[in-house]
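Asker: Pasting a predicted model and its sequence here:
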Amino acid sequence: MFDLKPITAGSVRVNSITRLRIRSDGQGVRSLIFLQGCPLNCFWCCNPETRFGDDFQTLTAKALYQCLENDIPYYRFSGGGITFSGGEPLAQARFLRTFIDAYCKEIPVDVETSLFVSEAQLRPLIPLIHEWNVDFKIFDEEKHRQYTGVSNRPILQNLRLLAKEVPAERILITVPLIPGHNDSDEDLLAMTAFLKELGLSRIELHPYRKFAEDKQRQQGLTPFELPKLTAERLLRIRALLEQQGMVSVQRSGLYGKEKCRYLKGLRKEACRQYQLPVEIIDCPYTGPCIGTCPRCEAELEEIAALMRNRERK
């Protein structure tokens, strides 16, 4: 089974870190960490940069935490946390255990995973992960081998284990809908029958995204150019799954000035609860908000430092 050895003891391969994701990769404000390396070779992969090349950082657990610690006020007052994605984050399971044990006692950690790992990699993480976002691609094993390069038997076995050990409301099945390859009624009904057998019903559909083809070209790959899934077909798929007892989850993040106002409210709440002497002003930035204008970042950094000092006393 695929097990990505660390480059040095206690280190992890990080492709990129995206901060301030709001309600789109788990609850609240989250940092989305893309780890490098994946055992699957899905032809539709939308993150091929996490499988190929050497464009990644090698970080220790402490160094990774230092990249994230200023966002702890946002995590704490929004119910957010950290989401590990990839690539396949569980391929670096030993590092995840080390990192969570050392730095995440009060920070919820989610993972986005294919579950194509050994039980030995999976089992120790089960009590440490808050929510599991399981990327369920294809139920039919032959088609799974054809389109991803690996058997799905370990995946199904691990999902059975996870369903026994974790409350169903903490497992979200995410399904990439690839037109003409895994989106037939037959494929979807086989998948839902298996999920119902396990007592799982929360499902999120991810229609194939054409931007993946540009990213594949950037990695020197020849993309499979696929048709776009129509809105009508997507509605029919959702109706079919709901008829089978599935609960369709549709997450939508916050963007623009709505995001700006939300983050400002969290900074205000942190100051109120910790009685911090930090002036929170209206953001002067007029462009599309990504949450990281210098004035807002300075407020956050000051709040985080004061909170750390209070908690050390």
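Answerer: It's in.
Asker: Show the contacting residues for D187.
Answerer: Applying C-beta atoms under 8 Å, 6 or more residues apart in numbering to D187 gives the contacts 138-140, 143. All C-beta atoms are positioned from the backbone trio N, CA, C, and that covers glycine.
Asker: Could you check how far it is from G149?
Answerer: Separation of D187 from G149 (C-beta to C-beta, to the nearest Å): 18 Å.
Asker: Likewise for A305?
Answerer: Taken as C-beta to C-beta, the span from A305 to G149 is 47 Å.
Asker: Same question for Y285.
Answerer: 45 Å.
Asker: Between the two, which has more neighbouring residues?
Answerer: Y285 (16 against 12; other C-beta atoms under 10 Å).
Asker: And the helix or strand harbouring D110, what does it pack against?
Answerer: Element membership of D110 [criterion: DSSP states H and E] is strand 109-113. Other helices and strands packing on strand 109-113, by 3 or more C-beta pairs under 8 Å, 6 or more residues apart in numbering; DSSP states H and E, are strand 81-85, helix 93-103, strand 131-135.
Asker: Show me what it is in contact with.
Answerer: 25-26, 30, 81-86, 88-90, 96, 100, 125, 128-135, 174.
Asker: pLDDT on it, on average?
Answerer: Strand 109-113 shows a mean pLDDT of 98.
Asker: Restrict stretch 103-123 to CA atoms and write it as PDB.
Answerer: Extracted in PDB, the C-alpha atoms of stretch 103-123 (Å, rounded to 0.1, in the frame of the first residue of the first chain):
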ATOM      1  CA  TYR A 103      -0.600  21.200  18.000                       C
ATOM      2  CA  CYS A 104      -4.300  20.500  17.500                       C
ATOM      3  CA  LYS A 105      -5.700  19.600  20.900                       C
ATOM      4  CA  GLU A 106      -8.400  22.300  20.500                       C
ATOM      5  CA  ILE A 107      -8.300  22.700  16.700                       C
ATOM      6  CA  PRO A 108     -10.700  20.500  14.700                       C
ATOM      7  CA  VAL A 109      -8.900  18.700  11.800                       C
ATOM      8  CA  ASP A 110     -10.700  17.400   8.800                       C
ATOM      9  CA  VAL A 111      -9.300  15.400   5.900                       C
ATOM     10  CA  GLU A 112     -10.300  15.000   2.200                       C
ATOM     11  CA  THR A 113      -9.200  11.500   1.300                       C
ATOM     12  CA  SER A 114      -9.700   8.700  -1.200                       C
ATOM     13  CA  LEU A 115      -9.100   6.200   1.700                       C
ATOM     14  CA  PHE A 116      -6.700   4.300  -0.600                       C
ATOM     15  CA  VAL A 117      -4.300   3.500   2.300                       C
ATOM     16  CA  SER A 118      -3.700   0.500   4.600                       C
ATOM     17  CA  GLU A 119      -5.800  -0.100   7.700                       C
ATOM     18  CA  ALA A 120      -2.600   0.500   9.700                       C
ATOM     19  CA  GLN A 121      -2.400   4.000   8.300                       C
ATOM     20  CA  LEU A 122      -6.100   4.700   8.800                       C
ATOM     21  CA  ARG A 123      -7.000   3.300  12.200                       C
END
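Asker: quick one on the thing from earlier: now intersect the contacts of D187 with the strands, please.
Answerer: If you go by DSSP state E, the contacts of D187 have nothing in strands.
Asker: Looking at these, point me to the pair that's furthest apart.
Answerer: F139 and K143 (8.4 Å; C-beta to C-beta).
Asker: Neighbour count for the two, which is higher?
Answerer: Ranked by neighbour count (other C-beta under 10 Å), F139 and K143 place F139 first, with 21 against 15.
Asker: Where does pLDDT dip in the stretch 151-300 of the chain?
Answerer: Applying pLDDT under 70 to the stretch 151-300 of the chain flags residues 210-212, 219.
Asker: just the helices in it please.
Answerer: Assigned by DSSP state H, counting those that start in this stretch, the helices in the stretch 151-300 of the chain fall at 153-165, 185-198, 211-218, 231-243, 256-274, 294-312.
Asker: Would you mind getting the angle between the fifth one and helix 294-312?
Answerer: The reference is to helix 256-274. 30 degrees (axes from the mean of the first three to the mean of the last three C-alpha atoms, to 10 degrees).
Asker: Near the nearest residue to C283 once chain neighbours are set aside, how many other residues are there?
Answerer: Excluding the flanking residues, the one nearest C283 by C-beta to C-beta, 6 or more residues apart in numbering is C260, at 5.2 Å. Residues lying near C260 (other C-beta under 10 Å) number 20.
Asker: that older thread, put together JSON lines for the helices and strands packed on strand 109-113, with mean neighbour count and distance to L241 on each row.
Answerer: Formatted as JSON lines, the helices and strands packed on strand 109-113 follow (neighbours: other C-beta atoms under 10 Å; distance: least, C-beta to C-beta, whole Å):
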{"stretch": "strand 81-85", "mean neighbour count": "25", "distance to L241": "24"}
{"stretch": "helix 93-103", "mean neighbour count": "18", "distance to L241": "31"}
{"stretch": "strand 131-135", "mean neighbour count": "21", "distance to L241": "15"}
